[in-house]
Structure formats: structure tokens, C-alpha cells
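[1] compute the structure for the input listed below.
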Amino acid sequence: MLHRVARGALALVSVAVVSGCGAVSNSSHHDRPHHSDTTTSDVPSSTVASTSTTAPTTTTTPAVTAVGSYQVATTDISVVEPSATPGGSSRSLPTTVWYPALTGSAVPDKGHAPYPLVVFSQGYDRGVSTYAGPIRAWASAGFVVAAPTYPFTDPAAPTGVNENDLFNHPADLRFVITTVLNAAGDPASVLSGLVNTSEIGVVGHSDGADVTLAVAADSCCADPRVKAAAVLSGAEFSAFGGHYFSGTRALPLLVVQGSADTVNAPVCSTQLYDAAPAPKYYLDLLGAGHLPPYVDPGTDQQVIDTVVTDFFDAELAGERAALAAMASAGSVPGATTFSAGASAPPEPGICPTAPGGS
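    Just a heads-up that it's a prediction; the model follows:
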């Protein structure tokens, strides 16, 4: 019995080209457009970013790339994973990719390429389009963001959802990464030349966060290509097998959790955070539930958009000033708290899916 509870089906819909803004002229790591730390923490995902073409003569901090720095467009990739066993069935993983584009078009913006790749994993019984807001925000900050649709846990699955298919998802995620990297190396693909193959991150929500953590930090399934992971209301899942955080690699980790989440108990997030080596960061959404912070516009989603962006700016794109921006963006009085200590805020109980759970 898995730990997620279905909260109703949301139909998967197509995602069109979306608008943001063109690339700005200042540059930092890989000549990516950027904004100063002082503006990063309060830029909503819908904001069209702007900046002067002349660098200020004095500054106290380096610059980081913010949400809204690029227009965003999408492309769809057909991903078919061969069967892992002779005579078995292949798995179809249709994948939508959001990428920085030139203003007013779907033409990739290659002026600041290659960009870090981030792969997003959906929650159980939730279509990828449910999360289009945060995904679009991350892409608008100069990331290529790929989001596969997992078979049998997507609400549009023709045979209905089956949470047991979760056991296949770590291998699915690794195959999607491989396929996107292959597309980025194909001169005929719209993604040609857009992806930095050494800067790969993973992020997911709920069951998708469990898969994200497994591919980042479980010996059963870890992919060495992954350099950073953001776990949004997720948990260690002992049924995958293996051991979490057992290697010598200290992979940067961001954990986001609503304190009033009744689907993923907050103790699941605090337990995995406490077990993880540094560098690690914890964003506590005060009074927030399981799904609304990630799909409903408002303070929580705005903070998540910005903090996840700053995390990947720092840990993938090498913009170290983003660490300070992340801490600032994650500290909203009465709404969110942010920490990077050895332990997360204590929560009662034990996580039922984690090693040692019941």
C-alpha cells in the first residue's frame, strides 16, 4: 500500500507556447541573463523581467538569473522506453520540454545556450499540465525543463491509474534524461545545442518527488548524471530497495514541505532532510497542504517558483550568489521559513514509507 491518496482526476491538456520576456543583456555563468539578488526574491512567475543594458558602477553582490528572464516555448518529444525484460512491453513516456525562446516566437534562444537541464516528475493522478505554472517559471529563468507523462499514474491513462507503476518510474526518469540529451545532440532537433550535459537536475512533487529522490540519492536507482535535486512534498520510499544517502557523493538537495500536508506527512520531509548530507536546504510552507502550493497562484507558489530557481541557479548554473537570494526569497513572515541547518524543524512520528517506517 503506497502512501499517496488520489484527490480526483485532472485531464491532461496540451501546453502552448507561453510568453515571458526576451533575454536581457547582462551576463553571468555561461553568459546567462541575470538580475541582482535584491530583485530575485520578489519576482512572480508572471512578471516580465527587465534590466538596464549598462552594468551598475557599484554593487555589493554578484548577479543571478531570475524568473522572467526569458520567453518560453514548448516542444513535445516521443519517448519510448524498450522493455527491460525479453518479450516485455515497451513504455511510452510522452515528454513536453519547456525551453528559452526568442521574443515572439518558438525559436530557441541560443544566445546564452547551453542551459542546465531540469527534469520534472508529476504527482500521482495529476497531469503534467497541472504544474505548468512552476515549470514555465523555471524555464523562464534559463533552464530547459522536461516533464514526462508516466503511464498508469497519469489521470488520462486509458486503463485507469495504478500507483504500483511507481516502481517503474526511476528507470523511466533515467531513460527520459538520456532521450533529452540525445535530442540535444541531434542537429535536426529543436533542442539541438540547448542543453549543458554536465548540468542536470531533477525535481518532482508527491510520488514524483519520491522518484526524484530515488534517482538522486537511493543506491537502487541513482543516476550519476544528476547534480542537484528538489523534493517537493516527497519521501524516502523503502520499497524501491537500496539505501538512501549511502554513497560518498554529497548531492545538493532542496526539500519543500507544507506544514499542514495530510497526504505526505511533514515528518517524511524532515526525516529525509535530516538524513541527507550538506549542502541541503529546507523550505517550510506554514499551514500549507499537499497540492495547492504547487498549482494555485499565490504567495506559496511564487516563493516555490523563486526558491527552486535560485537553488538550481546556485547548484547547476554556478551562480553562487543565488544561495543568498534563495534564503531571502524563502523567508516570508507568516508564510514560509527557510533553513540550511543540520536538521529540519522537528515533526512528530515516523514516515510510513521510509526505512524504519510502519
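[2] ok, and the closest non-adjacent residue to Gln271?
    Nearest-residue entry for Gln271: Cys351, 4.8 Å, with adjacent residues in sequence omitted and distances by Cβ to Cβ, 6 or more residues apart in numbering. (Glycine included, C-beta is placed from N, CA and C.)
[3] and for the one you found, the neighbour number?
    24 (other Cβ atoms under 10 Å).
[4] how about Gly87?
    Gly87 - counted by other Cβ under 10 Å - has 5 other residues nearby.
[5] before we move on, what SS does it have?
    State at Gly87, reduced to three classes by DSSP: H, G, I helix; E, B strand; the rest coil: coil.
[6] repeat for Pro100
    Pro100 is classified as strand under three-state DSSP.
[7] again with Asp186
    Strictly by three-state DSSP, Asp186 counts as coil.
[8] ok, it - contacts?
    Ser192 (Cβ atoms under 8 Å, 6 or more residues apart in numbering).
[9] same thing with Ser121?
    147-148, 150, 169, 173, 202-205, 207-209, 211-212 are the contacts of Ser121 under Cβ under 8 Å, 6+ apart.
[10] which one of the residues you listed is nearest to Val295?
    His205 (9.0 Å; Cβ to Cβ).
[11] can you get me a residue count around the closest one?
    30.
[12] cool, Gly242 as well?
    16.
[13] phi, psi of Gln271?
    For Gln271, the backbone dihedrals (degrees, to the nearest 10) come out as phi -70, psi -40.
[14] looking at it, it is touching Pro352, isn't it?
    No - checked against Cβ atoms under 8 Å, the pair Gln271 and Pro352 is beyond contact range at 10.6 Å.
[15] can you list the weak-confidence ranges in the stretch 51-200 of the chain?
    Applying pLDDT under 70 to the stretch 51-200 of the chain picks out residues 51-62.
[16] let me see the ranges of the strands in it.
    Taking DSSP state E, counting those that start in this stretch, the strands of the stretch 51-200 of the chain run over residues 63-64, 71-77, 80-81, 91-92, 95-101, 115-121, 144-148, 195-205.
[17] for Ala216, find the nearest of these.
    strand 195-205 (5.9 Å).
[18] will you turn the strands of the stretch 51-200 of the chain into a markdown table that also has distance to Ala321?
    Supplementary listing: the strands of the stretch 51-200 of the chain in a markdown table, determined by distance: least, Cβ to Cβ, whole Å:
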| stretch | distance to Ala321 |
| --- | --- |
| strand 63-64 | 5 |
| strand 71-77 | 23 |
| strand 80-81 | 39 |
| strand 91-92 | 41 |
| strand 95-101 | 20 |
| strand 115-121 | 16 |
| strand 144-148 | 22 |
| strand 195-205 | 17 |
